[in-house]
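**Q** missing the sequence, but the structure's below:
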């Protein structure tokens, strides 16, 4: 049932996308025809790359056809564009030469499509720009009440204040336990509270499927689970403390005293977020950006405002796109290949962003979600890119170096295919061509 419903939804989105893209066409420098018919048949595979056969397949007028074929990579890309996959699905591509700051190729580059996990690129670039690579996620421990040195008893409450750290684990929790012991107590009489005031109370993102394996949007996670206060209580008792306390959630009073602060750098969170495409980490970064916007609690809306700020810096019009979440799980995200390229170009123009971003990206044939792709050829160890996969959508966006030494950035989004493996193979062919 889930597959049938999802297939119907994807089919509806495919039908609507071309009309929506034509009505709301975005604007980019050196604009070329971006909405090209994809009506190929088996005979096309045998036809050459000449302008006449291209005109028949793409239904372009003479001026548009000439502009399309004038692109530096048009001849090289034509065999790939004749793929049978594109007779029944959509693909958008854009390739930009960062060395000469010029467009090398564009094909349906302004069609609005779902990005899947290449949405994480948008989140990462926004965070690196607005927060900086040295930004820290913070999880703090406070207490109230009194410590009786003679009886070694804390009569009061412990408050665990969440800062949306997705990597808080066993060693970090041990720091909390050690901090309590450092008070000189072996007995606690009170309560252990989880302070969840960092963000709003929404546990699911906008447009997430209710039956998916979604991350929990809690400011306090221990080993990726939301039962932080209970886990802390268990660890305290395992550490030899007698704890006569209940658990719950409550904001920390201003009179509370801090006894521990576990911090984690943004770049440490970007590693699992980008290399492994960790959705929980991506949403944590998304809400870190939201929190920097001010306001009482972080929300997806405030994160969206932050992303739109960076879009404007990159020369984009935010109203042309929609950002629903930080991970790409949402059915409501809509981007274009050109939008991805604009942000990748913006990142490359700012070394402090680019260096941290490049280190976080999967490397073709080496690690992360690209470990098993492009294991041979010129693309191996060359392409650094974020992958994206949900049912009916496959995407790839990032950087590579051409054989002439020029640095390139690119974005490829495939949508509507029944088999994502075929889309990934097509993307890999494009990358191999770019690296030749």
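**A** Received the coordinates, thanks. Everything numeric in this text was worked out from a predicted model, so none of it was measured.

**Q** so who does the closest residue in space to residue 149 that isn't next to it in sequence touch?
**A** Excluding the flanking residues, the one nearest residue 149 by C-beta to C-beta, 6 or more residues apart in numbering is residue 184, at 6.1 Å. Quick note: C-beta positions are derived from backbone N, CA and C, even for glycine. Residue 184 is in contact with 147, 149, 152, counting by C-beta atoms under 8 Å, 6 or more residues apart in numbering.

**Q** Show me which of the residues you listed are buried.
**A** Buried by 16 or more other C-beta atoms under 10 Å: nothing, out of the contacts of residue 184.

**Q** any idea how far the residue nearest to residue 149 is from residue 287?
**A** Going from residue 184 to residue 287 by C-beta to C-beta, to the nearest Å gives 36 Å.

**Q** What score does residue 21 have for pLDDT?
**A** Per-residue pLDDT puts residue 21 at 39.

**Q** I meant residue 72, not that one.
**A** pLDDT for residue 72: 89.

**Q** residues near it, how many?
**A** Counted with other C-beta atoms under 10 Å, the neighbours of residue 72 add up to 14.

**Q** can you check residue 256 too?
**A** Quick note: residue 256 (other C-beta under 10 Å) scores 21 neighbours.

**Q** Contacts only, for it.
**A** 142-144, 159.

**Q** need the residues you listed in TSV with distance to residue 294, can you?
**A** TSV is the format used below for the contacts of residue 256 (distance: C-beta to C-beta, whole Å):
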residue	distance to residue 294
142	23
143	28
144	27
159	23
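
**Q** Am I right that residue 354 is in a helix?
**A** Yes - counting by DSSP: H, G, I helix; E, B strand; the rest coil, residue 354 is located in a helix.

**Q** From residue 222, how far out is it?
**A** Distance of residue 354 to residue 222, computed by C-beta to C-beta: 34 Å.

**Q** out of the two, which sits in the more crowded spot?
**A** The neighbour comparison of residue 354 against residue 222 (other C-beta under 10 Å) goes to residue 222, with 24 against 19.

**Q** my guess is that one contacts residue 166, does it?
**A** No - using C-beta atoms under 8 Å, residue 222 makes no contact with residue 166, being 10.7 Å away.

**Q** Can you give me the neighbour number for residue 328?
**A** Residue 328 has 27 nearby residues by other C-beta under 10 Å.

**Q** May I have the secondary structure class of residue 191?
**A** strand.

**Q** And for residue 288?
**A** Counting by three-state DSSP, the backbone at residue 288 sits in helix.

**Q** Look up the closest residue to residue 248, ignoring the ones flanking it.
**A** Leaving aside its sequence neighbours, residue 248 sits nearest to residue 193 (C-beta to C-beta, 6+ apart; 5.6 Å).

**Q** in the stretch 101-250 of the chain, which spans are strands?
**A** 102-107, 136-143, 146-148, 153-155, 158-161, 187-195, 242-249 (DSSP state E, counting those that start in this stretch).

**Q** Tell me which other helices or strands the fourth one touches.
**A** Identification of packing neighbours for strand 153-155 by 3 or more C-beta pairs under 8 Å, 6 or more residues apart in numbering; DSSP states H and E yields strand 146-148, strand 187-195.

**Q** Contacts for it, please.
**A** Outside strand 153-155, the residues that touch it by C-beta under 8 Å, 6+ apart are 143, 145-148, 180, 183, 185-190.

**Q** Turn those into CSV, columns for distance to residue 129.
**A** Converted to CSV, these look like this (distance: C-beta to C-beta, whole Å):
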residue, distance to residue 129
143, 37
145, 43
146, 46
147, 44
148, 50
180, 38
183, 41
185, 44
186, 48
187, 48
188, 43
189, 48
190, 43
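
**Q** from the residues you listed, which is closest to residue 205?
**A** Within the contacts of strand 153-155, proximity to residue 205 (C-beta to C-beta) peaks at residue 143, which comes in at 33.5 Å.

**Q** residue contacts, the closest residue to that closest one other than its chain neighbours?
**A** With C-beta to C-beta, 6+ apart as the measure, residue 158 is the residue that lies nearest to residue 143, at 5.3 Å, once sequence neighbours are left out. Neighbouring residues of residue 158 by C-beta under 8 Å, 6+ apart: 141-143, 180, 188, 190-193, 232, 245.

**Q** List only buried entries from these.
**A** By 16+ other C-beta under 10 Å, these give 141-143, 180, 188, 190-193, 232, 245 as buried.

**Q** out of those, who's nearest residue 344?
**A** Taking C-beta to C-beta as the measure, residue 344 lies nearest residue 141 of the buried ones among the contacts of residue 158, at 39.6 Å.

**Q** Could you list which residues are in contact with the closest one?
**A** By C-beta under 8 Å, 6+ apart, the neighbours of residue 141 are 158-161, 176, 179-180, 258-261.

**Q** Please check those and keep the buried ones.
**A** 158-161, 176, 179-180, 259-260.

**Q** so can I have CSV of the residues you listed showing pLDDT?
**A** Putting those into CSV (pLDDT from 0 to 100) gives the following:
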residue, pLDDT
158, 98
159, 98
160, 98
161, 98
176, 98
179, 98
180, 98
259, 98
260, 98
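
**Q** Report how many residues lie close to residue 101.
**A** Other residues close to residue 101 by other C-beta under 10 Å number 11.

**Q** any idea which element the nearest residue to it once chain neighbours are set aside lies in?
**A** With sequence-adjacent residues excluded and distances taken as C-beta to C-beta, 6+ apart, residue 101 is closest to residue 345, at 7.9 Å. Residue 345 belongs to helix 337-348 when assigned by DSSP states H and E.

**Q** can you give me the angle that helix makes with strand 102-107?
**A** 150 degrees (axes from the mean of the first three to the mean of the last three C-alpha atoms, to 10 degrees).

**Q** quick revisit: and which of the contacts of residue 184 is nearest to residue 412?
**A** Using C-beta to C-beta, those come closest to residue 412 at residue 147, 60.1 Å.

**Q** hang on, the closest one packs against residue 182?
**A** No - contact criterion C-beta under 8 Å: residue 147 and residue 182 do not qualify, at 10.8 Å.

**Q** Mind listing what's buried along stretch 407-420?
**A** Residues of stretch 407-420 classed as buried by neighbour count (16+ other C-beta under 10 Å): 408-417, 420.

**Q** In three-state terms, how would residue 96 be classified?
**A** strand.

**Q** sorry, back to before: okay if I get the contacts of residue 158 as a markdown table plus distance to residue 201?
**A** Shown next, in a markdown table, are those (distance: C-beta to C-beta, whole Å):
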| residue | distance to residue 201 |
| --- | --- |
| 141 | 22 |
| 142 | 21 |
| 143 | 25 |
| 180 | 28 |
| 188 | 28 |
| 190 | 25 |
| 191 | 20 |
| 192 | 20 |
| 193 | 16 |
| 232 | 21 |
| 245 | 24 |
